[in-house]
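1. Pasted the sequence and its predicted model underneath.
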Amino acid sequence: MNILVAGGRGQLGSELQALRKGAGAHRFLFLDRPDLDITDSGSVRGAFDRFQPDVVVNAAAYTAVDRAEEDREAAFLVNRDGAGVLAGCSRDAGAFFIHVSTDYVFDGTASRPYREEDMPCPEGVYGRSKFEGERLVASVDPSHAIIRTSWLYSAYGQNFVKTMLRLGRERESLGVVFDQTGTPTHAADLASAVLHIALRHDPAFHYRGVWHYSNEGVASWYDFAHAVMEFAGLPCRVEPITSREFPQVAVRPAYSVLDKSAVKRDWDLRIPYWQDSLKTLLTTINPR
């Protein structure tokens, strides 16, 4: 099987690269800018012609949530239009398309974990651009699985865990919001789930669906930061503050816990608890 990964140097793409040695005889092609511009149909079709993918994973995204409020055109170009280009090429090639989306498609007003059938209602430009990307993928209709995830972190790139580790070494204390609730997700776990779905899908079946995947459990950003300091053995005190005390350009969902029942049932997945996965990462990147 030939598996093409767009966004191959991002958090998810890098974790998929780490897994490919255990994926048997399957061939992988990891592409990122400048090797692949997902908004350019010529660039994408050229990559498809050369590699002949059976599975395409779209791990490419515009993820600068605050910057997107002033850079709307760029966010929609990547998150909506680029997703559509990849979906169209996947459909034409008969490839299974795995598209990674986000909890930000919801407005955060729910009182129980979001299910796949709940109506998206994104608040900011980032969330709207990702939701429009989902809609475009569904309308182009390759055989596809849209995977929504949340609060992604890893050993690669810039993310919340690495920021907390840096601040924990620099400061005696810091304030972190406690009134935004979701679930941290180790990108290595998401990569394992994506690869599992890629290898388990039946090429003879036309998939059309959305599935939610994050680690198990619930946390606030304060809980997440406190756990980073505790597990890393850093003395920095974490103080709870409100979102009003830490204003940001873009509105964040107050509640974005995802219900994973469907992905566990449909794809036979076991999902690790978020604190266990965080400990696993910290033993790798922050050994005591």
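-> Perfect, thanks for sending it. Numbers count the residues shown, from 1 in each chain.
2. Can you tell me how far Phe30 is from Ile197?
-> As judged by Cβ to Cβ, to the nearest Å, Phe30 and Ile197 stand 18 Å apart. Placement of C-beta: from N, CA and C, glycine included.
3. now the strands: where do they sit in the chain?
-> For the chain, applying DSSP state E gives strands covering 2-6, 27-31, 55-58, 96-102, 144-149, 152-153, 173-177, 181-182, 185-186, 208-212, 219-220, 237-241.
4. could the ones you listed go into JSON lines alongside mean pLDDT, distance to Asp276 and mean neighbour count?
-> Shown next, in JSON lines, are the strands of the chain (pLDDT from 0 to 100; distance: least, Cβ to Cβ, whole Å; neighbours: other Cβ atoms under 10 Å):
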{"stretch": "strand 2-6", "mean pLDDT": "98", "distance to Asp276": "26", "mean neighbour count": "26"}
{"stretch": "strand 27-31", "mean pLDDT": "97", "distance to Asp276": "27", "mean neighbour count": "19"}
{"stretch": "strand 55-58", "mean pLDDT": "98", "distance to Asp276": "25", "mean neighbour count": "28"}
{"stretch": "strand 96-102", "mean pLDDT": "98", "distance to Asp276": "22", "mean neighbour count": "26"}
{"stretch": "strand 144-149", "mean pLDDT": "98", "distance to Asp276": "17", "mean neighbour count": "24"}
{"stretch": "strand 152-153", "mean pLDDT": "98", "distance to Asp276": "14", "mean neighbour count": "24"}
{"stretch": "strand 173-177", "mean pLDDT": "97", "distance to Asp276": "21", "mean neighbour count": "17"}
{"stretch": "strand 181-182", "mean pLDDT": "98", "distance to Asp276": "17", "mean neighbour count": "22"}
{"stretch": "strand 185-186", "mean pLDDT": "98", "distance to Asp276": "9", "mean neighbour count": "26"}
{"stretch": "strand 208-212", "mean pLDDT": "98", "distance to Asp276": "19", "mean neighbour count": "19"}
{"stretch": "strand 219-220", "mean pLDDT": "98", "distance to Asp276": "13", "mean neighbour count": "20"}
{"stretch": "strand 237-241", "mean pLDDT": "98", "distance to Asp276": "20", "mean neighbour count": "16"}
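5. Those: which one's closest to Arg72?
-> With respect to Arg72, and counting by Cβ to Cβ, the nearest of the strands of the chain is strand 96-102 at 16.5 Å.
6. which secondary structure elements does that closest one contact?
-> Under the contact criterion of 3 or more Cβ pairs under 8 Å, 6 or more residues apart in numbering; DSSP states H and E, strand 96-102 touches strand 55-58, helix 83-93, helix 125-140, strand 144-149, helix 187-200.
7. out of those, deepest packed?
-> Sort the helices and strands packed on strand 96-102 by mean neighbour count, taking mean count of other Cβ atoms under 10 Å, and strand 55-58 sits at the top with a mean of 28.
8. is the residue most central in space within the chain in a bridge, and if so with what?
-> Closest to where the C-alpha atoms of the chain average out (Cα atoms, centre = their mean) is Thr149, at 4.9 Å. Applying DSSP bridges to Thr149 yields these beta-bridge partners: Thr102.
9. quick one: contacts for it?
-> If you count contacts by Cβ atoms under 8 Å, 6 or more residues apart in numbering, Thr149 has them with Val100, Ser101, Thr102, Asp103, Thr185, Leu190, His212, Tyr213, Ser214, Leu258.
10. So which of those residues is the closest to Cys236?
-> Thr185 (23.2 Å).
11. you'd agree that closest one is up against Ile147?
-> No: contact criterion Cβ atoms under 8 Å: Thr185 and Ile147 do not qualify, at 10.8 Å.
12. Can you pull the residues that touch both of those two?
-> Counting by Cβ under 8 Å, 6+ apart, the contacts common to Thr185 and Ile147 are Tyr213.
13. got the strands of the chain as JSON lines, with distance to Ala83 columns?
-> Below are the strands of the chain laid out as JSON lines (distance: least, Cβ to Cβ, whole Å):
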{"stretch": "strand 2-6", "distance to Ala83": "9"}
{"stretch": "strand 27-31", "distance to Ala83": "15"}
{"stretch": "strand 55-58", "distance to Ala83": "6"}
{"stretch": "strand 96-102", "distance to Ala83": "6"}
{"stretch": "strand 144-149", "distance to Ala83": "9"}
{"stretch": "strand 152-153", "distance to Ala83": "17"}
{"stretch": "strand 173-177", "distance to Ala83": "30"}
{"stretch": "strand 181-182", "distance to Ala83": "23"}
{"stretch": "strand 185-186", "distance to Ala83": "20"}
{"stretch": "strand 208-212", "distance to Ala83": "13"}
{"stretch": "strand 219-220", "distance to Ala83": "29"}
{"stretch": "strand 237-241", "distance to Ala83": "35"}
